[in-house]
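Participant: here is the input, now give the coordinates:
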Amino acid sequence: MQMRTLALGLVLGLGLAGAAAALEADPVQQHNSNAVWFENWTGLSNATLVVVAPNGKLTEIQAASGTPVYELERGAVQDGTYRFELSAATQEREEIVTPIDNGRSETATSKPKSFTMTGSFTVSRGAIITPEAVTED
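Facilitator: Residues are numbered from 1 along each chain as shown. Alright, predicted model coming up:
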């Protein structure tokens with residue numbers, strides 16, 4: 001029994017260490033009343049943030065370095081839930097399984113590993129809000 005517990009603890013410890021090493025950054029969504037951005041951006045670049053408004057309007061923001069920032073359009077804000085997808089390149093590299101000869105002197109054998117995150121935010125009365133937690137009594 002002790003051996004199983006020790007083995008389980010070792011496996012869990014290695015798994016958590018591997019997950020931490022796999023991605024240096026774990027972006028955290030932040031907002032104020034009219035903008036959404038991400039903190040803890042270390043190790044990410046070439047980001048694209050795609051935001052879909054409640055009416056289906058799609059907005060794409062790109063940032064070569066640093067966090068992309070989505071800002072509400074003045075006078076054209078629709079209340080409701082806005083959904084987003086954030087994608088970026090990490091500093092970690094992964095092997096290209098089938099390299100393509102693109103006519104350059106050297107064929108690439110690796111590429112940056114990608115990071116993707118999805119989420120949403122809520123707009124009410126023309127401002128981005130933090131929805132209140134609903135508790136059952």
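Participant: run through the helices of the protein in chain order.
Facilitator: 2-22 (DSSP state H).
Participant: which stretches of it have low pLDDT?
Facilitator: Residue ranges of the chain with pLDDT under 70: 1-25, 99-105, 107-110, 133-137.
Participant: any idea how far Asn32 is from the residue nearest the centre of the chain?
Facilitator: The centre of the chain sits closest to Met117, judged by CA atoms, centre = their mean, with a distance of 3.3 Å. Distance, Met117 to Asn32, by CB to CB, to the nearest Å: 20 Å. No exception for glycine: its C-beta is placed from N, CA and C like everyone else's.
Participant: go on, Thr42?
Facilitator: When Thr42 is compared with Asn32 (using CB to CB), they lie 22 Å apart.
Participant: next one: Ala88
Facilitator: Distance of Ala88 to Asn32, given as CB to CB: 22 Å.
Participant: can you give me the neighbour number for the nearest residue to Ala35 once chain neighbours are set aside?
Facilitator: Spatial nearest neighbour of Ala35, excluding adjacent residues (CB to CB, 6 or more residues apart in numbering): Glu71 at 4.6 Å. Using other CB atoms under 10 Å, the number of residues around Glu71 comes to 13.
Participant: ok, the one 4 residues further on next?
Facilitator: By the criterion of other CB under 10 Å, Gly75 has 6 neighbours.
Participant: ditto for the one 5 residues further on
Facilitator: For Gly80, the number of neighbouring residues by other CB under 10 Å comes to 12.
Participant: quick one: contacts for it?
Facilitator: For Gly80, the contacting residues are Ala53, Pro54, Thr122, Val123, by CB atoms under 8 Å, 6 or more residues apart in numbering.
Participant: keep only those of those that are in strands.
Facilitator: Thr122, Val123 (DSSP state E).
Participant: quick check: the farthest pair among the contacts of Gly80?
Facilitator: Greatest spatial distance in the contacts of Gly80: Ala53 and Thr122, 11.8 Å, computed using CB to CB.
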